[in-house]
Every structure is written in C-alpha cells, then in structure tokens.
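Engineer: A predicted structure for the sequence below; I have some questions about it.
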Amino acid sequence: MIAQTLDPTKAQQEHLVRVARIDQIEGEGCLVVEAEGVTIGLFRHAGELYAIDNRCPHMGFPLSQGSVNCGILTCHWHHARFDLASGGTFDPWADDVRAYPVRVTHGEVYVDLAPLAEPEAERYAKRLAEGMRRNLSIIIAKSVIGLHASHAPDSTALEVGAEFGVKYARNGWGSGMTILTAMANILPALNDEDRPRALYQGLVSVARQVSGQPPAFDLEPLDTTETRPAVFKTWFRDFLEVRDRDAAERTLQTAINAEIPMDEIADIMFTAATDHVYINGGHTLDFINKAFELLDLIGWEHAQTVLPSLVSEMAGARRMEESSGWRHPIDLVELRRAAESEFPELLERGKHQSAHSAWDGRQHLVETLLEDNPKESVEALKAALSHGATGEQLAAAVAFAAARRIAHFRTSNEFGDWITVLHTFTYANAVHQAMRRAPSISLLRGVFDAALSVYLDRFLNTPPTPLPRSNPETAGAMRDLLDSMNTQMQVAEAARQTADWLAAGRSDLELMATLGQALLREDAEFHTFQMVEAGFRQYADLKGTQDGAVVLIAIARYLAAHSPTARASGQTFQTALQLHSGALLFTD
C-alpha cells in the first residue's frame, strides 16, 4: 500500500478525519471505527484499504459482520451484496451504501467525511424513481423520508410519482394516481410526521398499480394552425362518443400544445365526461378532476404528460344509459335529459332572481334529495336554478346530501355497499370541485347525475341510522378514537367519539389530523383514501357548522368500518423511519 502525503490545505477541503493506525487492521481484516458520529467499517482486502458505512442500507445490520470475496462485500442478514470500492449494490432492493475515500499517511488512516457533492434532495429523488420503477416499497419509503428530512418541497416527490405513473402505465391514469393526488391534497391537515407517510401511501399505490405494465407511447400533437377551443371541444366529444381513443388523445394533445388556457381545457374534458350519465360509476369525472388538482400542485407545464393519460378511461368507460338501475322502474336518464333541455331558460330566470335576492334554499334542497322521489329531486334542483342558485351552490348541496348517506348508512347492509354510497359522494365532490374550476351549463348535468345517484342509494338509509347524540361531558382523547379502530366495526363508537369531541368545542384540526393518522396506519383500500380526502374537501366549506360535524362523523364511520387491516404497508414505512433515525433493527 502506498502511503500518501497529507496536504493540510486539501485535508481541510476534503474534511479528512484520522480514524486508526494501519497496523490495527491485521491481514485481510476489518476494523470498526467511529468518526464524528458515523460508524465506519475499515476493510483491508487484496492489498487495498476501503471505508464503508457500517450500517447495511437495507436493514441496518453491521456490514463488519459480513464477508468479502473478490471485492464484493456481502451482508450476512439478507445477503445484500456491495462493491467494496464504490458502495454500489448489486441488489437494488438493498440501496447503495456510503463509501468514504481513504488516505494513509505515515501509518495513520484518514477517512474523508466531506458531504456528497450531489444535493440530498436530488439523490433521494433519483432513488425514489428507482424504487417506483422496481416497485420496492422500502426504497420508496426511505426516499420519501429522506426528501422530507432534507426539506425538499412536496412537489419533488409528486413530480416523480406523476411522471412514472402516467408514462409507464399502458392503461393510463388509474386509482394509484388518484390516491397520490388525494394524499397530496390532505397534507396541510396532517401532523408533520404523517406527511411523508401520506406521500408514501400514494407513491406505493402508483408503483403497485403500474408494476408490470408496458409503457404508454403518447401521440404527437397535430401540426395545425387550428387554435379555436370550440373546434377542439367538438372534435374531442365526437371522437369519445364513438370510443375512438387515439383520435381523442391526439385532439387533446393538440389543444394543450396550442396553449389553450387551462380552464378551457378543463371545460372540454368535463363536458365530454358528462355527455353520458354518471360514466363508470363516477370514477371518470373524479379522475379528471384529480388530474387537474395534481397539475395545481406540480405545475401546468406537466399537462401534456398528465391529461392525455385520462383518455383511455374516458373512451372505455361504462355509460349508465347501459344500466338497468338507471332505466327501470323509473327512467332516470330521460329525467335528466329532459331537465337538461331546460337549463338555459332556468339559468336566465335565476339570473334575474339573483339580482333581487340570494338563494337560501339549501337545507330544503338537501332534505328533498334524501327523500324517495327522483322527480321531486329534479324539480327541486330546477327550482333552485330558477331562484338564482349557482352551479357551485347546487353541487355543494348535493355533495352534502351524499355525505349524509354515509353518516346514516346502516351497518346491517351488505359490507360492499359502503362503496356504493362512497361512489356517489366522491363523484358529487368531484363535480363540486370541477364547478369551481370551470363552471359551465354542461357541467350542471353532473350535478343532476350526482343527485339521482343519491336517490338510487336511498335503500342504504332505510331506515337511516340516527346521528349520535353528542355529549361534551363524555368527550375523550383522540387516542381513544384511534384505539376504538383497533377493533373491527366500531362504527357507532367512532361516530359517538367524534360527535362528543366536536360538541365539547375541541379542535377540529386535531380531529382531522387524527382521522388522517387512522387512514395512513392502515393498508387502506382505494375508496377509503377517496373518502377521507373528499370529506376533508367538503368540511373546508362547512367548518364549524353542524353540517360540517356530519361530514366528519361520516369520515369516522367509514374509517371505523374499514379498520383494522394487517397494516403491513405501515410496518414497511416504520422500518424505513427507524433506519433513517439510526435504530438498530437487528437487536432487541
């Protein structure tokens, strides 16, 4: 081994730290040393000296207890293999280990502890992309925790997830991308320690869904001088009407490339999604809305990558005109279409009415929607329009009626029917958010569709489960709410605890953070993620009101019905968190 002269100037730049004498490492041996809080394994192999972080990056086992052969260091816990010189792993599930440059001067061993040249956020973002590509939950968890610890903006992880989730999904936008966006939306409501957990849940959902799919190949935009939004809107709707996916996708690509404004692109897509009744059980419009919410978070410059991924869903979606439930015994499709023909006249009347007085019929409308007569529901919506109610006001009222269905859901129903009422609620929420983004006469059709779906769900509230009688004197701690969800089907108890907490005037922010924690600790199913996010969205407009309390009770009931699970996903995240903090997982 060649002894190197230590240049004091360079040593200061490189941050060389003396860790041992060369004669302390005998033969082909290993010596464990501590340097500024870092535990390092010094390996002498084939006449060279190497320094490696002694914690295996996979699960933290001491690499000094491993074996070296032909320049490869093998951990003896899970048999991860590393290049001794660079620390690079031959097993992507294990992560690379940090290797440190070594200098020997006059028999003294120095290790360079200078920070890596690559910024932490960039390194973790690259590792996250690798974890997504290989569907490695532990790598995704470590990367998200590392990004959070390095104070990287949430958009960093979202951009990685978005790019991967739409580019490498032959079937386009799916439930994983919806979960990712939903979790990004609720980040402000969560405790700080739960925010990386929320992103992890979303990113893992994307990786699992996309795993094994061939990549999607985008169509190029047309090289055209056409720039009129109305023309693109006609093309897009006509192509989707005959389920021509390629032509519709190329139209959308061209419209975005022509720099049509975001609100007009949204109008094109929302209109197409409501050309048919309640398509795909409400998922299609919800997916479109989520895609625009994701672009709010990561930037409109990603529109040409994100939005075309929705076209496959839109072209192939089942239309409720094809469903007997929407046709018999009452033809709800024709009921909606008849109302649609009156929209222009109703809006014109409402415009004159609103000039004299504001619409105040929300409570009456909600109660009518929850009754057993779809014709009366439609008439009530029409009357509200003629009395000056805006599309956004109607959408909000329908969304609250849908939340009431969940708050009053009878647990004697089939368990799968929780998803039936959930579909209506998340669709109604999506229509509400879409109406805020791009209000239009066409999108009013979605409001009526949601209202008729509320009617169809009536049997799940027959009779309605009463709301809990709140008692501020029995309000417990939020820990009690979490504990109750450790036992199956504590629906009534969770509802009571939520009602008592709010009646006692306790913090709704703490309650929402706890509901978020209850979600994130579970191996939650797609619809449960949807429920919490849509509920939080609706509560934001009803904060501090009795209606707001009903929404939070609905969330608590749904969560309690779907808890507990095996919590395997949370265990993976917890392992990654312990590794990041330096815990020794291999010891008691």
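Structural biologist: Cool, got the structure.
Engineer: quick check: next helix or strand after the helix or strand containing residue 540?
Structural biologist: Using DSSP states H and E, residue 540 sits within helix 526-542. Following helix 526-542 in sequence order, the next helix or strand is helix 546-561 (DSSP H and E).
Engineer: what's whichever helix or strand comes after that following helix in contact with?
Structural biologist: Of the helices and strands lying after helix 546-561 in sequence (DSSP H and E), the nearest is helix 568-581. Residues outside helix 568-581 that contact it (Cβ atoms under 8 Å, 6 or more residues apart in numbering) are 55, 57, 59-60, 137-138, 141-142, 145-146, 149, 197, 200-201, 204, 520-523, 585. From N, CA and C alone the C-beta is placed, and that goes for glycine too.
Engineer: and the lengthiest helix in the chain, what does it pack against?
Structural biologist: When the chain is parsed with DSSP state H, its longest helix is helix 417-437. Secondary-structure packing of helix 417-437 (3 or more Cβ pairs under 8 Å, 6 or more residues apart in numbering; DSSP states H and E): helix 262-273, helix 283-298, helix 391-407, helix 444-456, helix 526-542, helix 546-561.
Engineer: nearest to residue 320, of the ones you listed?
Structural biologist: Nearest to residue 320, of all these, is helix 444-456, at 7.8 Å by Cβ to Cβ.
Engineer: just want the angle from that closest one to helix 262-273.
Structural biologist: Counting by axes from the mean of the first three to the mean of the last three Cα atoms, to 10 degrees, helix 444-456 lies at 50 degrees to helix 262-273.
Engineer: pull the CA atoms of the longest helix of the chain into PDB?
Structural biologist: Extracted in PDB, the C-alpha atoms of helix 417-437 (Å, rounded to 0.1, in the frame of the first residue of the first chain):
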ATOM      1  CA  ASP A 417     -72.500  -1.200  -0.100                       C
ATOM      2  CA  TRP A 418     -70.200   1.200   1.800                       C
ATOM      3  CA  ILE A 419     -68.600   1.600  -1.600                       C
ATOM      4  CA  THR A 420     -71.900   2.300  -3.200                       C
ATOM      5  CA  VAL A 421     -72.500   5.400  -1.100                       C
ATOM      6  CA  LEU A 422     -68.800   6.300  -1.300                       C
ATOM      7  CA  HIS A 423     -69.000   6.400  -5.200                       C
ATOM      8  CA  THR A 424     -71.800   8.900  -5.000                       C
ATOM      9  CA  PHE A 425     -70.100  11.100  -2.500                       C
ATOM     10  CA  THR A 426     -66.700  11.200  -4.300                       C
ATOM     11  CA  TYR A 427     -68.500  11.900  -7.600                       C
ATOM     12  CA  ALA A 428     -70.500  14.700  -6.100                       C
ATOM     13  CA  ASN A 429     -67.300  16.100  -4.500                       C
ATOM     14  CA  ALA A 430     -65.600  16.000  -7.900                       C
ATOM     15  CA  VAL A 431     -68.500  17.800  -9.600                       C
ATOM     16  CA  HIS A 432     -68.300  20.400  -6.900                       C
ATOM     17  CA  GLN A 433     -64.600  21.000  -7.300                       C
ATOM     18  CA  ALA A 434     -64.900  20.900 -11.100                       C
ATOM     19  CA  MET A 435     -67.700  23.500 -11.000                       C
ATOM     20  CA  ARG A 436     -65.300  25.800  -9.100                       C
ATOM     21  CA  ARG A 437     -62.600  25.300 -11.700                       C
END
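Engineer: average pLDDT for it?
Structural biologist: The pLDDT scores in helix 417-437 average 98.
Engineer: around the residue nearest to residue 373 when sequence neighbours are not counted, count how many other residues there are.
Structural biologist: Nearest residue to residue 373, sequence neighbours excluded (Cβ to Cβ, 6 or more residues apart in numbering): residue 455, at 7.9 Å. As a burial measure, residue 455 scores 22 neighbours (other Cβ atoms under 10 Å).
Engineer: go on, residue 156?
Structural biologist: Residues within reach of residue 156, counting by other Cβ under 10 Å, total 21.
Engineer: and the helix or strand harbouring it, what does it pack onto?
Structural biologist: Secondary structure assignment for residue 156, by DSSP H and E: helix 154-167. Where contact means 3+ Cβ pairs under 8 Å, 6+ apart, helix 154-167 is packed against helix 120-134, helix 137-149, helix 175-186, helix 195-210, helix 283-298, helix 303-306.
Engineer: could you dump the ones you listed to TSV with mean neighbour count?
Structural biologist: Formatted as TSV, the helices and strands packed on helix 154-167 follow (neighbours: other Cβ atoms under 10 Å):
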stretch	mean neighbour count
helix 120-134	19
helix 137-149	24
helix 175-186	25
helix 195-210	25
helix 283-298	23
helix 303-306	19
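Engineer: closest one to residue 23 among those?
Structural biologist: helix 120-134 (35.9 Å).
Engineer: helices or strands next to that closest one in the packing?
Structural biologist: helix 137-149, helix 154-167, helix 195-210.
Engineer: after the longest one, which helix or strand is next?
Structural biologist: Meaning helix 195-210. Taking DSSP H and E as the definition, the helix or strand right after helix 195-210 is helix 229-241.
Engineer: now do the buried residues in that next one.
Structural biologist: 229, 232-233, 235-237, 239-240 (16 or more other Cβ atoms under 10 Å).
Engineer: average pLDDT across that helix?
Structural biologist: 98.
Engineer: identify all contacting residues around that helix.
Structural biologist: 226, 247-248, 251-252, 254-255, 258, 260, 264, 267-269, 271-272, 275, 311, 314-315.
Engineer: find the residue at the geometric middle of this protein.
Structural biologist: For the chain, the residue nearest the mean C-alpha position is residue 180 (2.1 Å; Cα atoms, centre = their mean).
Engineer: what about the residue lying farthest from the centre of the chain, distance to residue 23?
Structural biologist: What lies farthest from the middle of the chain is residue 106; by Cα atoms, centre = their mean that is 56.5 Å. Relative to residue 23, residue 106 is positioned 12 Å away (Cβ to Cβ, to the nearest Å).
Engineer: and residue 324, how close does it get to residue 331?
Structural biologist: Taking Cβ to Cβ, one finds residue 324 at 11 Å from residue 331.
Engineer: more crowded one of the two?
Structural biologist: residue 331 (14 against 8).
Engineer: domain parsing for this protein?
Structural biologist: Structurally, the chain divides into domains by automatic domain parsing as follows: 8-112, 120-210, 229-316, 323-461, 472-570.
Engineer: could I get those in a markdown table, plus columns for distance to residue 219?
Structural biologist: Below are the domains of the chain laid out as a markdown table (distance: least, Cβ to Cβ, whole Å):
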| stretch | distance to residue 219 |
| --- | --- |
| domain 8-112 | 32 |
| domain 120-210 | 12 |
| domain 229-316 | 5 |
| domain 323-461 | 24 |
| domain 472-570 | 28 |
